[in-house]
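Asker: Pasting a predicted model and its sequence here:
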2 protein chains.
Amino acid sequence: MKIVPHFSDQEGQRFHGDVVRGVTGRIIIGKDDGADNFCMRVFTIEPEGFTPCHVHEWEHEIFFHQGNGQVLQGGEWKDVSAGSVVFVPGNEEHQIRNNAESELTFVCLVPKGAPEL
Amino acid sequence: MKIVPHFSDQEGQRFHGDVVRGVTGRIIIGKDDGADNFCMRVFTIEPEGFTPCHVHEWEHEIFFHQGNGQVLQGGEWKDVSAGSVVFVPGNEEHQIRNNAESELTFVCLVPKGAPEL
(Lines give C-alpha, C1' and ligand atoms only; values in the text may rest on other atoms or scores of the structure.)
Protein backbone atom coordinates (compact mmCIF):
# COMPACT_ATOMS: atom_id res chain seq x y z
CA MET A 1 0.00 0.00 0.00
CA LYS A 2 1.28 3.44 -0.89
CA ILE A 3 0.13 6.36 1.26
CA VAL A 4 0.89 9.90 0.06
CA PRO A 5 0.10 12.33 2.93
CA HIS A 6 -0.54 15.15 0.44
CA PHE A 7 -0.37 15.06 -3.35
CA SER A 8 1.86 18.15 -3.36
CA ASP A 9 4.56 16.03 -1.65
CA GLN A 10 5.25 14.51 -5.07
CA GLU A 11 7.34 16.44 -7.53
CA GLY A 12 5.39 18.32 -10.16
CA GLN A 13 6.07 19.27 -13.76
CA ARG A 14 5.03 22.76 -14.86
CA PHE A 15 3.60 23.39 -18.32
CA HIS A 16 3.62 27.00 -19.44
CA GLY A 17 3.50 28.25 -23.01
CA ASP A 18 1.10 29.25 -25.77
CA VAL A 19 -1.22 26.24 -25.81
CA VAL A 20 -1.04 25.47 -22.09
CA ARG A 21 -0.57 28.04 -19.34
CA GLY A 22 0.18 27.83 -15.63
CA VAL A 23 -0.45 24.11 -15.24
CA THR A 24 1.45 21.80 -12.86
CA GLY A 25 0.93 18.06 -13.22
CA ARG A 26 1.87 15.24 -10.87
CA ILE A 27 1.71 11.47 -11.37
CA ILE A 28 0.52 10.27 -7.96
CA ILE A 29 -0.29 6.63 -8.76
CA GLY A 30 1.24 5.14 -11.88
CA LYS A 31 3.05 2.21 -13.42
CA ASP A 32 6.02 2.70 -11.08
CA ASP A 33 3.68 1.93 -8.19
CA GLY A 34 2.39 -1.24 -9.84
CA ALA A 35 -0.81 0.41 -11.03
CA ASP A 36 -1.19 -1.41 -14.32
CA ASN A 37 -4.78 -0.55 -15.25
CA PHE A 38 -5.11 3.22 -14.86
CA CYS A 39 -3.09 6.18 -13.67
CA MET A 40 -3.96 8.96 -11.20
CA ARG A 41 -2.55 12.40 -11.88
CA VAL A 42 -3.29 15.61 -9.98
CA PHE A 43 -3.18 18.96 -11.77
CA THR A 44 -3.21 22.50 -10.45
CA ILE A 45 -3.99 25.44 -12.68
CA GLU A 46 -3.01 28.95 -11.66
CA PRO A 47 -5.50 31.80 -12.07
CA GLU A 48 -5.86 32.63 -15.80
CA GLY A 49 -4.20 29.33 -16.67
CA PHE A 50 -5.56 26.61 -18.96
CA THR A 51 -4.88 23.11 -20.23
CA PRO A 52 -4.46 22.56 -23.98
CA CYS A 53 -7.58 22.32 -26.13
CA HIS A 54 -7.05 18.87 -27.58
CA VAL A 55 -8.49 15.51 -28.49
CA HIS A 56 -7.11 11.98 -28.08
CA GLU A 57 -8.29 8.39 -28.15
CA TRP A 58 -8.31 7.77 -24.41
CA GLU A 59 -10.86 8.94 -21.86
CA HIS A 60 -10.49 11.15 -18.78
CA GLU A 61 -12.24 10.71 -15.45
CA ILE A 62 -11.89 14.00 -13.61
CA PHE A 63 -12.72 15.02 -10.04
CA PHE A 64 -12.44 18.70 -9.06
CA HIS A 65 -10.90 18.99 -5.61
CA GLN A 66 -10.50 22.72 -5.05
CA GLY A 67 -11.21 26.06 -6.68
CA ASN A 68 -13.47 27.16 -9.50
CA GLY A 69 -13.05 26.83 -13.23
CA GLN A 70 -14.66 25.95 -16.53
CA VAL A 71 -14.68 23.00 -18.90
CA LEU A 72 -15.16 23.33 -22.66
CA GLN A 73 -18.03 21.15 -23.77
CA GLY A 74 -19.05 21.29 -27.41
CA GLY A 75 -17.81 24.86 -27.80
CA GLU A 76 -19.40 26.17 -24.59
CA TRP A 77 -17.70 26.85 -21.27
CA LYS A 78 -19.42 25.12 -18.34
CA ASP A 79 -18.73 26.00 -14.70
CA VAL A 80 -17.16 23.48 -12.36
CA SER A 81 -16.09 23.71 -8.73
CA ALA A 82 -14.93 21.56 -5.81
CA GLY A 83 -16.91 18.31 -5.93
CA SER A 84 -17.69 18.47 -9.67
CA VAL A 85 -16.98 15.43 -11.82
CA VAL A 86 -16.39 15.29 -15.58
CA PHE A 87 -16.15 12.26 -17.84
CA VAL A 88 -14.47 12.99 -21.17
CA PRO A 89 -14.94 10.00 -23.51
CA GLY A 90 -12.16 9.21 -25.95
CA ASN A 91 -12.02 11.30 -29.15
CA GLU A 92 -13.89 14.27 -27.64
CA GLU A 93 -12.29 17.71 -27.64
CA HIS A 94 -11.78 19.20 -24.18
CA GLN A 95 -10.07 21.99 -22.29
CA ILE A 96 -10.10 23.22 -18.69
CA ARG A 97 -9.43 26.78 -17.56
CA ASN A 98 -9.17 28.64 -14.30
CA ASN A 99 -11.24 31.81 -14.46
CA ALA A 100 -11.15 32.42 -10.71
CA GLU A 101 -8.66 34.01 -8.34
CA SER A 102 -7.37 30.94 -6.53
CA GLU A 103 -5.74 27.71 -7.73
CA LEU A 104 -7.91 25.12 -9.44
CA THR A 105 -6.99 21.55 -8.49
CA PHE A 106 -8.36 18.40 -10.06
CA VAL A 107 -7.64 14.69 -10.17
CA CYS A 108 -7.53 13.29 -13.72
CA LEU A 109 -7.30 9.57 -14.44
CA VAL A 110 -6.30 7.89 -17.67
CA PRO A 111 -6.33 4.23 -18.73
CA LYS A 112 -3.22 2.17 -19.40
CA GLY A 113 -1.67 2.92 -22.75
CA ALA A 114 -2.17 6.68 -22.38
CA PRO A 115 0.86 8.85 -21.54
CA GLU A 116 1.08 9.21 -17.76
CA LEU A 117 1.84 12.94 -18.05
CA MET B 1 -18.97 14.52 -22.12
CA LYS B 2 -20.76 14.12 -18.82
CA ILE B 3 -20.57 16.99 -16.33
CA VAL B 4 -21.80 16.40 -12.78
CA PRO B 5 -21.97 19.79 -11.00
CA HIS B 6 -21.51 18.10 -7.62
CA PHE B 7 -21.05 14.42 -6.83
CA SER B 8 -23.82 14.58 -4.22
CA ASP B 9 -26.28 15.27 -7.08
CA GLN B 10 -26.11 11.54 -7.86
CA GLU B 11 -28.15 9.16 -5.76
CA GLY B 12 -26.21 7.40 -3.03
CA GLN B 13 -26.49 4.00 -1.38
CA ARG B 14 -25.99 3.84 2.38
CA PHE B 15 -24.19 0.94 4.03
CA HIS B 16 -24.74 0.59 7.74
CA GLY B 17 -24.32 -2.57 9.80
CA ASP B 18 -21.78 -4.54 11.78
CA VAL B 19 -18.91 -4.71 9.27
CA VAL B 20 -19.51 -1.33 7.64
CA ARG B 21 -20.93 1.72 9.39
CA GLY B 22 -22.20 5.10 8.20
CA VAL B 23 -20.89 4.85 4.64
CA THR B 24 -22.65 6.29 1.57
CA GLY B 25 -21.36 5.29 -1.86
CA ARG B 26 -22.07 6.80 -5.26
CA ILE B 27 -21.10 5.60 -8.73
CA ILE B 28 -20.24 8.86 -10.49
CA ILE B 29 -18.61 7.52 -13.67
CA GLY B 30 -19.30 3.92 -14.62
CA LYS B 31 -20.22 1.50 -17.36
CA ASP B 32 -23.57 3.25 -17.88
CA ASP B 33 -21.60 6.34 -18.94
CA GLY B 34 -19.47 4.37 -21.39
CA ALA B 35 -16.51 4.20 -19.01
CA ASP B 36 -15.26 0.75 -19.93
CA ASN B 37 -11.81 0.74 -18.33
CA PHE B 38 -12.29 1.95 -14.76
CA CYS B 39 -15.02 3.28 -12.51
CA MET B 40 -15.13 6.38 -10.29
CA ARG B 41 -17.07 6.12 -7.04
CA VAL B 42 -17.29 8.76 -4.30
CA PHE B 43 -17.78 7.68 -0.68
CA THR B 44 -18.68 9.67 2.41
CA ILE B 45 -18.14 8.26 5.89
CA GLU B 46 -19.96 9.75 8.84
CA PRO B 47 -18.04 10.44 12.07
CA GLU B 48 -17.28 7.10 13.79
CA GLY B 49 -18.08 5.26 10.56
CA PHE B 50 -15.86 2.79 8.72
CA THR B 51 -15.63 0.73 5.56
CA PRO B 52 -15.33 -3.05 5.83
CA CYS B 53 -11.92 -4.55 6.60
CA HIS B 54 -11.51 -6.74 3.55
CA VAL B 55 -9.33 -7.99 0.77
CA HIS B 56 -10.03 -8.58 -2.93
CA GLU B 57 -8.16 -9.14 -6.16
CA TRP B 58 -8.59 -5.67 -7.63
CA GLU B 59 -6.76 -2.49 -6.71
CA HIS B 60 -8.06 0.84 -5.38
CA GLU B 61 -6.80 4.29 -6.30
CA ILE B 62 -8.09 6.65 -3.61
CA PHE B 63 -8.05 10.45 -3.34
CA PHE B 64 -9.21 12.08 -0.10
CA HIS B 65 -11.30 15.14 -0.86
CA GLN B 66 -12.53 16.35 2.51
CA GLY B 67 -12.24 15.58 6.21
CA ASN B 68 -9.83 13.55 8.28
CA GLY B 69 -9.58 9.82 8.78
CA GLN B 70 -7.33 6.81 8.97
CA VAL B 71 -6.33 3.94 6.70
CA LEU B 72 -5.36 0.50 7.97
CA GLN B 73 -1.96 -0.46 6.59
CA GLY B 74 -0.41 -3.71 7.76
CA GLY B 75 -2.28 -3.61 11.06
CA GLU B 76 -1.51 0.05 11.82
CA TRP B 77 -3.80 3.03 11.42
CA LYS B 78 -2.26 5.85 9.35
CA ASP B 79 -3.68 9.38 9.23
CA VAL B 80 -5.08 10.80 6.00
CA SER B 81 -6.73 14.12 5.21
CA ALA B 82 -7.88 16.25 2.28
CA GLY B 83 -5.31 15.88 -0.48
CA SER B 84 -3.99 12.49 0.66
CA VAL B 85 -3.73 9.67 -1.87
CA VAL B 86 -3.68 5.92 -1.21
CA PHE B 87 -2.95 3.10 -3.63
CA VAL B 88 -4.18 -0.29 -2.41
CA PRO B 89 -2.78 -3.04 -4.66
CA GLY B 90 -4.91 -6.11 -5.29
CA ASN B 91 -4.97 -8.78 -2.56
CA GLU B 92 -3.98 -6.36 0.23
CA GLU B 93 -6.22 -5.99 3.28
CA HIS B 94 -7.54 -2.48 3.83
CA GLN B 95 -10.06 -0.45 5.79
CA ILE B 96 -10.85 3.26 6.14
CA ARG B 97 -12.38 4.93 9.17
CA ASN B 98 -13.52 8.39 10.15
CA ASN B 99 -12.10 9.28 13.53
CA ALA B 100 -12.93 12.99 13.24
CA GLU B 101 -16.03 15.09 13.82
CA SER B 102 -16.96 15.95 10.25
CA GLU B 103 -17.69 13.83 7.18
CA LEU B 104 -14.81 12.10 5.43
CA THR B 105 -15.13 12.10 1.64
CA PHE B 106 -12.94 10.22 -0.79
CA VAL B 107 -12.87 9.25 -4.44
CA CYS B 108 -12.15 5.54 -4.98
CA LEU B 109 -11.51 4.06 -8.41
CA VAL B 110 -11.63 0.42 -9.42
CA PRO B 111 -10.71 -1.31 -12.68
CA LYS B 112 -13.20 -2.99 -14.98
CA GLY B 113 -14.33 -6.38 -13.73
CA ALA B 114 -14.66 -5.16 -10.12
CA PRO B 115 -18.15 -4.53 -8.73
CA GLU B 116 -19.01 -0.85 -9.30
CA LEU B 117 -20.45 -0.53 -5.78
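Answerer: Yes, it's here. Residues are numbered from 1 along each chain as shown, chains lettered A, B, ... in the order given.
Asker: Spatially, which residue comes closest to A:V23, not counting chain neighbours?
Answerer: Leaving out its chain neighbours, the residue that sits closest to A:V23 by C-beta to C-beta, 6 or more residues apart in numbering or on different chains is A:F15, at 4.5 Å. For glycine as for every other residue, the C-beta is placed from the backbone atoms N, C-alpha and C.
Asker: so what's that neighbour up against?
Answerer: The contact partners of A:F15, by C-beta atoms under 8 Å, 6 or more residues apart in numbering or on different chains, come to A:21, A:23-25.
Asker: how about those residues, which pair is most distant?
Answerer: Greatest spatial distance in the contacts of A:F15: A:R21 and A:G25, 13.1 Å, computed using C-beta to C-beta.
Asker: still on that earlier bit, give me phi/psi at the residue nearest to A:V23?
Answerer: When read as degrees, to the nearest 10, the backbone of A:F15 gives phi -120, psi 120.
Asker: What distance do you get for it to B:G69?
Answerer: Here A:F15 is placed at a distance of 32 Å from B:G69 (C-beta to C-beta, to the nearest Å).
Asker: same deal with A:V23?
Answerer: Separation of A:V23 from B:G69 (C-beta to C-beta): 30 Å.
Asker: Please say which of these two ends up with more neighbours.
Answerer: Remark: of A:V23 and B:G69, B:G69 carries more neighbours, 25 against 22, as counted by other C-beta atoms under 10 Å in any protein chain shown.
Asker: Quick one: name whatever helix or strand follows the host helix or strand of that one.
Answerer: If you go by DSSP states H and E, B:G69 is part of strand B:68-73. Using DSSP H and E, the helix or strand that follows strand B:68-73 in sequence is strand B:76-81.
Asker: can you list the residues that contact stretch A:70-86?
Answerer: With C-beta under 8 Å, 6+ apart as the test, stretch A:70-86 has contacts from A:53, A:60-69, A:93-97, A:99, B:1-8, B:28-29, B:40, B:42, B:65.
Asker: low pLDDT regions in chain A?
Answerer: Scanning chain A for pLDDT under 70 picks out nothing.
Asker: Done for today, thanks.
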